[in-house]
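Chemist: Sequence and predicted model, in that order:
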Amino acid sequence: MSKRVAVLTSGGDAPGMNACLRAIIIGCQRQGFKLIGYKHGFNGLINQEFIPLSLESTHNLIQYGGTILQSARCEAFKTPEGAKTAAVNLANVGIDTLIVIGGDGSFRGANHLSQYWDGQIIGIPGTIDNDIAGTDATIGYYTAIDTAMSSIDKVRDTADAFERLFLVEVMGRNAGFLALNAALSSAADYVIVPEFFDNDKNEISRIVKQINGQRALKGEVSFIIVVAENVWPNGLTGLASALNKHGIKDVRPVTLGHVQRGGSPVAQDRLLASSLGNHAVNLVGQAQTNIMVGELNHRVVSVPLSDTWRKQKPLNDTRVAAMKTQMNERY
Ligand code: ADP
């Protein structure tokens with residue numbers, strides 16, 4: 001029997017969400033499923049704001065950043081009333097399967113909905129943070145590394161020209177994936193990530209030792225520290241003033257901010273998005289529900305939604321080791 005499928009994008013937007021929507025639209029068309037897209041994340045479910053998604057919507061879609069369904073946060077959805085309204089609305093439209101593309105917050109939201117709605121729920125990981133267990137990577141993560149890396153390359157040009165110290169803040173909330181990989185791929189001199197941050201006093205003495213070691217060897221040189229957001233007390237201002245107190249002046253802070261979320265998705269994000277979107281449609285109508293589809297060791301997998309935020313995803317050991325070597329190689 002033909003199924004009715006709905007999809008939404010929620011939480012922080014990520015490059016490749018459109019590529020994933022494209023795969024879902026094409027998959028549903030091939031299988032003869034009806035597909036609608038809710039707008040503005042869970043707000044669309046509450047406000048009954050949806051649009052039909054057909055093959056015409058897919059033209060050039062794979063290469064656009066952002067999401068044609070728009071994304072949003074929705075406080076009302078966290079309440080029982082919000083989720084109940086959404087459940088009634090889904091039942092009224094006759095939806096069998098809801099696909100949620102988003103981060104761990106969106107998956108908590110999807111899980112919350114499952115208490116009030118007995119349709120099938122499938123999550124697809126879309127966030128630049130890569131902080132979701134059960135998948136090696138999330139849609140948008142690779143593009144964000146690329147954006148941060150090329151921004152740091154540019155910072156280095158001016159840092160070298162003036163022999164300055166730059167602090168570059170990258171996104172990542174509670175996880176250092178983006179900071180570590182951006183730092184490694186741009187040959188940054190130091191990285192600060194939540195996974196290895198014990199306290200600011202210990203960290204500052206390590207940084208100062210590193211800078212002074214390098215300067216003793218090479219004279220005044222540029223130095224780039226990549227910092228994951230929300231790690232240093234008082235952010236880049238706090239770190240700059242701590243360095244000042246240790247006699248390290250002329251420190252320039254750069255916050256990369258929302259540019260990291262934008263841009264055309266790189267090939268790896270398009271490929272991940274296309275595979276996961278297609279696989280999610282293949283699961284429509286099957287018994288599995290409240291699951292996320294992800295990719296582990298190049299194979300598509302399904303994991304319970306609750307695993308995605310309860311389980312801790314560690315940084316990749318070999319990347320950490322390479323960064324440690326990079327941080328120590330200069331003196
Ligand atoms: P992300 O999906 O990128 O992690 P958020 O953490 O902002 O983004 O979550 C997106 C939305 O998911 C929230 O605005 C809210 O509507 C919903 N959500 C998050 N956590 C919960 C929760 N515990 N219960 C219900 N809904 C939630």
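Modeler: Received it, and whenever you're ready, just let me know what you need. Note that this is a predicted model, so its numbers are computed, not measured.
Chemist: Show the average pLDDT along the longest helix belonging to the chain.
Modeler: Longest helix of the chain, by residue count under DSSP state H: helix 141-162. Model confidence over helix 141-162, given as mean pLDDT, is 93.
Chemist: now for it, which elements pack on it?
Modeler: Where contact means 3 or more CB pairs under 8 Å, 6 or more residues apart in numbering; DSSP states H and E, helix 141-162 is packed against strand 165-170, helix 177-185, strand 223-228, strand 251-255, helix 267-282. C-betas here are computed from N, CA, C, even on glycine.
Chemist: Helices of the stretch 51-200 of the chain, start to end?
Modeler: Residue ranges of the helices in the stretch 51-200 of the chain, as given by DSSP state H, counting those that start in this stretch, are 80-93, 104-113, 141-162, 177-185, 200-218.
Chemist: now what about the fourth one, what contacts it?
Modeler: By CB atoms under 8 Å, 6 or more residues apart in numbering, the residues outside helix 177-185 that reach it are 128-131, 141, 144-145, 148-149, 152, 170-172, 188, 190-193, 226-228, 260, 315, 319-320, 322-323, 326.
Chemist: Select, out of the helices and strands packed on helix 141-162, the one closest to residue 42.
Modeler: Each of the helices and strands packed on helix 141-162 has some distance to residue 42 by CB to CB; the shortest is helix 267-282, at 18.0 Å.
Chemist: Tell me how far the residue of the stretch 101-250 of the chain found nearest the ligand lies from residue 231.
Modeler: In the stretch 101-250 of the chain, no residue comes nearer to the ligand than residue 105, which is 1.9 Å away by CB to the nearest ligand atom. Between residue 105 and residue 231 the computed distance is 20 Å (CB to CB, to the nearest Å).
Chemist: what's the answer for residue 87, then?
Modeler: When distance is defined by CB to CB, residue 87 is 38 Å away from residue 231.
Chemist: Now a ChimeraX select for only the buried ones of the contacts of helix 177-185.
Modeler: Buried members of these can be picked out in ChimeraX with the line below, counting by 16 or more other CB atoms under 10 Å:
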select :128,129,130,131,141,144,145,148,149,152,170,171,172,188,190,191,192,193,226,227,228,260,315,320,323,326
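Chemist: Could you dump the helices and strands packed on helix 141-162 into TSV and include mean pLDDT?
Modeler: Listed next are the helices and strands packed on helix 141-162 as TSV, based on pLDDT from 0 to 100:
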stretch	mean pLDDT
strand 165-170	96
helix 177-185	97
strand 223-228	96
strand 251-255	95
helix 267-282	98
